[in-house]
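I'd like to go over a predicted model; first the sequence, then the structure.
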Amino acid sequence: MTGHGDGDADADGGPARHVPVLLGEVLEALQPERGGAFLDGTFGAGGYAAAILKSHPDVRLTALDRDPSAIAGGQALVAASGGRLRLVEARFGDMEQAARDLALPPLDGVVLDIGVSSMQLDQAERGFSFRFDGPLDMRMAASGESAADLVNHESEERLADIIYHFGEERRARAVARAIVAARKEAPILTTRALADLVARVVRADPNGPHPATRTFQALRIAVNDELGELVRALHAAERLLAPGGRLVVVTFHSLEDRIVKQFFARRQGRGGGGNRFAPSLGPVAAATFTAVTRNPVTASENELRANPRARSAKLRAATRTEAPAQDEDSAVTSLAVLPAPTGRRAR
């Protein structure tokens, strides 16, 4: 979640509006103090970008974000960077096309901070959170299908699959049935209406998250094709990084982390054990990455006390080898799409 946390960051060009999760750990893995050309695929509030720029006077940074409000909010940092920062409205899954358009050299580092930003969550009109009543939107960009479109027009079966596989909600079938029944009476157009509907179907855990949390996650992932974007970005980074360049990825839930873990396992020449999405990851080719982090890096106790939103963050990183980039891996790509129906079904 780009730019998580509150407070000011001591950043080149002025304070950032939010402190990003695992900032110190990201910088340690990325090593921007080497100087060179870097790409921040998820600019958000600019916390990572500001710290990268501050790390070395010769760092040149290209930052991408699909959210027009993030692009507008980052212009002060662009102006203060002395020409070292270029900020582009683009999806991080399209970073290879952006790199070609900008004639970027082979990159010394790529960082991705996956998911919805705290700024987006805090804006009721964006429709990402049920903490505020707002339109059921959830789009990170300014165009395309909204969550309201999905909820009010998708089939019951498709809604159940989205909620089950992208939200890991065991009561997905019941939630989908309730949505279809409710929309026959009136369209479901607000976050509060959907959250209240789900809460009537999914039993609340007194010590757990709101019953609608998994359904909202699933719809957001589907609306923004978040897992597909991640897969495309990982493959693109492999092609864009120079030998010795670092790829650093911060994820916030198990679906994202599974994709990153399996991608690095494949690209480091290790076989994967398979999972319910891909029973076997098959043979592997010559290693295109070596591990920087053998195990996922998580937030320290101090960071968790200051920013509880960091509790689910996991950082994985690897260094690009001299081996040629491999073809896109269908086994990894399969983790980003709804699997074919199996005998296991949600309730």
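Sure, I can see it. Numbering: from 1, shown residues only.

drop to CA atoms for contacts and neighbour counts, all remaining ones
Noted.

What does the spatially closest residue to E303 that is not a sequence neighbour show for phi and psi?
Leaving out its chain neighbours, the residue that sits closest to E303 by C-alpha to C-alpha, 6 or more residues apart in numbering is A310, at 7.3 Å. For A310, the backbone dihedrals (degrees, to the nearest 10) come out as phi -80, psi 0.

residues near A310, how many?
As a burial measure, the neighbour count of A310 was computed by other C-alpha atoms under 10 Å and equals 21.

Kindly report the same for T319.
A total of 25 residues lie near T319 under the criterion other C-alpha under 10 Å.

Could you do E145 as well?
Counted with other C-alpha under 10 Å, the neighbours of E145 add up to 14.

so how far is A176 from it?
Noted for E145: a distance of 18 Å to A176, by C-alpha to C-alpha, to the nearest Å.

do the same with D40
As for D40, its distance to A176 is 37 Å (criterion: C-alpha to C-alpha).

same deal with V297?
Taking C-alpha to C-alpha as the criterion, V297 is separated from A176 by 36 Å.

which of the two has more neighbours?
The residue with the greater number of neighbours, taking V297 and A176 and applying other C-alpha under 10 Å, is A176; the counts read 26 against 16.

Thought Y164 was touching that one, still the case?
No. Counting by C-alpha atoms under 8 Å, Y164 is not a contact partner of A176; they are 9.8 Å apart.

hang on, the earlier thing: please report how far the residue nearest to E303 lies from E301.
Taking C-alpha to C-alpha as the measure, A310 and E301 are separated by 10 Å.

again, but for A237
From A237 over to E301 (counting by C-alpha to C-alpha), the distance is 31 Å.

quick one: which of the two has more around it?
Regarding A237 and E301, a neighbour count based on other C-alpha under 10 Å identifies A237 as having more, with 26 against 11.

Around the residue lying closest to L338 once chain neighbours are set aside, how many other residues sit close by?
Once flanking residues are discounted, L338 sits nearest to H165: 6.6 Å by C-alpha to C-alpha, 6+ apart. Burial of H165, expressed as a neighbour count using other C-alpha under 10 Å, amounts to 19.

And A299, by the same measure?
The burial count assigned to A299 is 21, neighbours taken as other C-alpha under 10 Å.

do the same with N307
17.

Phi, psi for it please.
Backbone phi and psi, for N307 under degrees, to the nearest 10, turn out to be phi -150, psi 90.

Could you confirm E96 falls within a helix?
Yes. Residue state for E96 (DSSP: H, G, I helix; E, B strand; the rest coil) corresponds to a helix.

Do I have it right that it meets L240?
Yes. Contact criterion C-alpha under 8 Å: E96 and L240 qualify, at 7.0 Å.

quick one, which of the two is more surrounded?
When E96 and L240 are compared for neighbours, L240 comes out ahead with 24 against 19, by other C-alpha under 10 Å.

what's near enough to touch the more buried one?
96, 106-107 (C-alpha atoms under 8 Å, 6 or more residues apart in numbering).

let's go with 7 Å and repeat that
By C-alpha atoms under 7 Å, 6 or more residues apart in numbering, the contact list for L240 reads 106-107.

Flag every buried residue along stretch 207-220.
When burial is assessed from 16 or more other C-alpha atoms under 10 Å, stretch 207-220 yields the following buried residues: 210-220.

Which member of those residues is positioned nearest A199?
Taking C-alpha to C-alpha as the measure, A199 lies nearest P211 of the buried residues of stretch 207-220, at 5.4 Å.

any idea how far the closest one is from F38?
Between P211 and F38 the distance, using C-alpha to C-alpha, works out to 40 Å.

what about the strands in the stretch 51-200 of the chain?
Read by DSSP state E, counting those that start in this stretch, the stretch 51-200 of the chain holds these strands, from start to end of the chain: 59-65, 85-89, 107-113.

TSV for those, including mean pLDDT and mean neighbour count?
Putting the strands of the stretch 51-200 of the chain into TSV (pLDDT from 0 to 100; neighbours: other C-alpha atoms under 10 Å) gives the following:
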stretch	mean pLDDT	mean neighbour count
strand 59-65	97	23
strand 85-89	97	20
strand 107-113	97	26
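
Low-confidence bits of the chain, can you list those?
Per-residue confidence of the chain (counting by pLDDT under 70) places the weak regions at 1-19, 115-132, 142, 271-284, 340-347.

50 instead?
Scanning the chain with the threshold set as pLDDT under 50 gives 1-17, 120-128, 272-273, 277, 341-345.
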